[in-house]
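# Following is a predicted model, sequence given first.
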Amino acid sequence: MAQKPLRIALIGTGFMARIHTQAWRTAPRFFALPLDPQPTVLVGRDPATTAHAAEELDWPEHSTDWREVIARDDIDVIDICTPGDTHAEIALAALAAGKHVLCEKPLANSVGEAEIMTDAAAAASGSVAVCGFSYRRTPALALARELIAAGRLGTIRHVRAQYLQDWLRDADAPHTWRLDREKAGSGTLGDIGAHSIDTAQWLLGEPIVDVSATTQTFVTSRPRRSAVTGLGGVAADLDDRLPVTVDDAVAFTAHFAGGALGVFEATRMATGRRNANRIEINGEKGSIAFDFERMNELEVYETTGDTAEGFRRVQVTEADHPYAGAWWPAGHGLGYEHLFTHQAVEFIRAVAGETPASPDFAEALQVQRVLAAVESSAANDSIRTRIPEGEPA
C-alpha cells in the first residue's frame, strides 16, 4: 500500500538548501517512515540561479514567488533555508496557510519576531513547526542526553561549550550576508553560538537563566563579494569593501536553572579549527565530553572507585545507539549530512503524530532570549543579564 505523500517546498538555494535536499531524499531509504517525503518545488530569488539549482539538485519545479508556492494546495511542508531577516514573514505565511514548517536556526533576528512566530505556531493546531538545531541529531550527543537523563552523571555542576571555526580568519575574505546585522541578526553568536546554547539546554533539560558576556569584531570591513575573483578568493579591488556589522567572536558565562555554571565561547576566527563544536559536562558522579570533529565518539567518565578509573571512549555506532542502527555496521562512522537526515526523519514522524515536534518554536524562542541577553550583557560591559521567563527548554 502506497504511503501518503508529504510534498515539500524548499525556500533557499544555498548551502543549507543542498543538504536539506539530500536529507529529504535519503530519509526514506534508511528509515521506516509513516509518510513519503516528496521534494516538489525549489524557491529562490534570482530566476537563473534558482533554475540552475533546481536542475543540479533535481527538483521537479522551481519558482521565485514563495507566496504563490505557499498558497498551493499540493504543498504540505515549507522548509525555510533563507537568511534570518526573512524567517518570520515566510513562517507566518506558511502557518496561516496550514502548512508544516521547518525553519533553519536561529528562529528569527529578534525576540519579538520569535515570540510572534511561536504564538502563531501554537495557534496553528494542525501544523508542526520545528527549528533546525541539527546537532541534536548527532548519535553521540543523543546518547549523552540519555546518560544525563538517567542520572548517570548525578547533579550537573559545569557546562563547558566551544564552537570554533576559522573561515573568516583572513581579513580579506569576502563579505557575505552573515556579516550584515540586518540580514543575519548577529554574527558568530547567532550563527554557531546558538547551536551551543541549544545543545546545552537540551542536554540538561533546563534553561539558562542569566549570562555575563563580551563580544568582539576583529575585522570591521571586508571586500564586496563581486570584487573577489580567482582561485582562493583573491580580491580584485581590496578598497571596495563593505562594513562588518556583527560580532566575530563571543564569550560568556551562564547559570542554568538547576544551578550549573556554564562557560561558552564561539568564534569564526580560530585559525586551524574548521568545525570544532565541543561540549563537556561535569556532574558529581561523572562527566561526558564531545567534539564534533570526532563526531562518532563520546568520552564518558563515571566514578567507580577503581584505581584504573578514567575517561573511556565510546564509539557511538552500535545498532542500539540513537539513529546509528539504521545505517552501517558498527564502526562505520556517520558524517555531517546524516544529522539532517535524522532531522527530516523526526520531522516526518512528528507530522504523522508519532512523536512530539522538537525543537519546536517555543524551544527556539528560549534560545533567542539567551542570544538577546548575551548581546545586552556585552553592550552593557558584561553586566549579568537575566533571561526573561518563558517556556522551558
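That came through fine. Since the structure is predicted, the reported quantities are computational estimates derived from the model, not experimental observations. Numbering: from 1, shown residues only.
# List the buried residues of the host helix or strand of Val211.
Element membership of Val211 [criterion: DSSP states H and E] is strand 208-216. Neighbour counts using 16 or more other CB atoms under 10 Å place 208-209, 211-215 of strand 208-216 among the buried residues. From N, CA and C alone the C-beta is placed, and that goes for glycine too.
# Stretch 146-156 now?
Buried residues in stretch 146-156, counting neighbours by 16+ other CB under 10 Å, are found at 147-148, 153, 156.
# Packing partners of the strand holding Val211?
helix 194-204, strand 249-256, helix 361-379, strand 385-386 (3 or more CB pairs under 8 Å, 6 or more residues apart in numbering; DSSP states H and E).
# Ok, which of those comes nearest Tyr135?
Tyr135 lies closest to helix 194-204 among the helices and strands packed on strand 208-216, at 5.3 Å (CB to CB).
# distance between the closest one and the chain's centre?
How far helix 194-204 lies from its chain's middle: 10 Å, per CA atoms, centre = their mean, to the nearest Å.
# follow-up on the earlier one: want to try a markdown table for the helices and strands packed on strand 208-216, with distance to Asp74, mean neighbour count and mean pLDDT as columns?
Formatted as a markdown table, those follow (distance: least, CB to CB, whole Å; neighbours: other CB atoms under 10 Å; pLDDT from 0 to 100):
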| stretch | distance to Asp74 | mean neighbour count | mean pLDDT |
| --- | --- | --- | --- |
| helix 194-204 | 33 | 25 | 98 |
| strand 249-256 | 43 | 22 | 98 |
| helix 361-379 | 25 | 24 | 97 |
| strand 385-386 | 47 | 17 | 84 |
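# With respect to Ile8, which of the ones you listed lies nearest?
For Ile8, the closest of those is helix 361-379, at 18.9 Å, according to CB to CB.
# now that closest one, how far from the centre of its chain.
14 Å.
# Same check on stretch 286-297?
Distance, stretch centre to chain centre, for stretch 286-297: 18 Å (CA atoms, centre = their mean).
# so Arg313 sits in a strand?
Yes: counting by DSSP: H, G, I helix; E, B strand; the rest coil, Arg313 is found in a strand.
# which residue packs closest to it, ignoring adjacent ones?
Nearest residue to Arg313, sequence neighbours excluded (CB to CB, 6 or more residues apart in numbering): Glu297, at 5.6 Å.
# Could I get the contacting residues of that neighbour?
140, 290-291, 313-316 (CB atoms under 8 Å, 6 or more residues apart in numbering).
# If we use 10 Å, what do you get?
140, 289-291, 313-317, 333 (CB atoms under 10 Å, 6 or more residues apart in numbering).
# So how do I select the buried members of those residues in ChimeraX?
Only the buried entries of the contacts of Glu297 go into this ChimeraX selection, using 16+ other CB under 10 Å:
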select :140,289,290,291,314,316,317,333
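# care to break this protein down by domain?
Here the domain parsing of the chain from automatic domain parsing is 5-135, 138-328+361-386.
# so which of the ones you listed gets nearest Glu346?
Minimum separation from Glu346 across the domains of the chain (CB to CB) falls at domain 5-135, 7.9 Å.
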